[in-house]
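> What follows is a protein structure lacking sequence information:
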């Protein structure tokens with residue numbers, strides 16, 4: 001089931017969907033990201049991870065405008081431990097490599113450290129291939 005989160009102007013800034021065919025949660029972030037929006041969105045994606053006992057997340061930031069450095073510390077130190085506790089093991093992060101959002105993503109990657117298997121990708125196809133390989137290596141597609 002698709003979940004859409006909207007900002008104060010009624011614009012969708014995040015869609016969250018459990019992709020049953022691929023057995024992963026797919027987040028698609030859109031536009032400028034506020035601190036409050038990032039927290040609400042990151043927390044919202046924990047529900048389908050828990051509900052579907054899903055270990056894989058495809059997090060797409062290609063449509064994000066601007067940096068979201070203001071939330072990096074919270075993601076690394078608050079959200080990531082709760083995500084792993086919910087069952088997340090693999091985090092594929094797609095970002096336009098020359099965007100300001102890519103700088104924020106690199107900071108997040110460093111902050112998360114070894115808590116999750118996380119890789120950054122410049123396109124969604126490579127991210128999906130990495131997730132499928134991780135599923136095959138784990139011998140499961142939950």
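That came through fine. Every value quoted in this text rests on a predicted model; they were computed, and no experiment measured them.

> Any idea how far apart the tips of stretch 59-75 sit?
One end of stretch 59-75 to the other measures 13 Å (CA to CA, to the nearest Å).

> Averaged pLDDT, it. What do you get?
For stretch 59-75, the mean pLDDT works out to 90.

> buried set for it?
Going by neighbour count (16 or more other CB atoms under 10 Å), the buried part of stretch 59-75 is 59, 60, 61, 62, 64, 67, 68, 71, 72, 74, 75. The C-beta positions use only the backbone N, C-alpha and C, and glycine is treated the same way.

> With stretch 85-93 instead?
For stretch 85-93, the neighbour count (16+ other CB under 10 Å) marks 86, 88, 89, 90, 91, 92, 93 as buried.

> I'd say the first one and residue 48 touch.
Just to be clear, that refers to residue 86. No. Between residue 86 and residue 48 there is no contact under CB atoms under 8 Å: 9.7 Å.

> circling back: what about the buried residues of stretch 85-93, which are in helices?
Among the buried residues of stretch 85-93, the ones falling in helices (DSSP state H) are residue 86.

> and which of the buried residues of stretch 85-93 is nearest to residue 116?
residue 91 (4.7 Å; CB to CB).

> Identify the residue spatially nearest to the closest one, adjacent ones excluded.
In space, and not counting its chain neighbours, residue 91 is closest to residue 118: 4.1 Å by CB to CB, 6 or more residues apart in numbering.

> quick one: contacts of the longest helix along the chain?
For the chain, the helix that runs over the most residues, judged by DSSP H, is helix 35-51. Under the contact criterion CB atoms under 8 Å, 6 or more residues apart in numbering, helix 35-51 has outside partners 3, 5, 7, 13-14, 16-18, 25, 27, 29, 33, 54, 57, 68, 70-71, 74-75, 79, 82-83, 86-88.

> Please pull up the helix or strand immediately following it.
The element immediately downstream of helix 35-51 (helix or strand, assigned by DSSP states H and E) is strand 56-64.

> which helices and strands does that following strand pack with?
In this structure, strand 56-64 makes packing contacts with strand 24-31, strand 90-94, helix 100-112, helix 124-138, judged by 3 or more CB pairs under 8 Å, 6 or more residues apart in numbering; DSSP states H and E.
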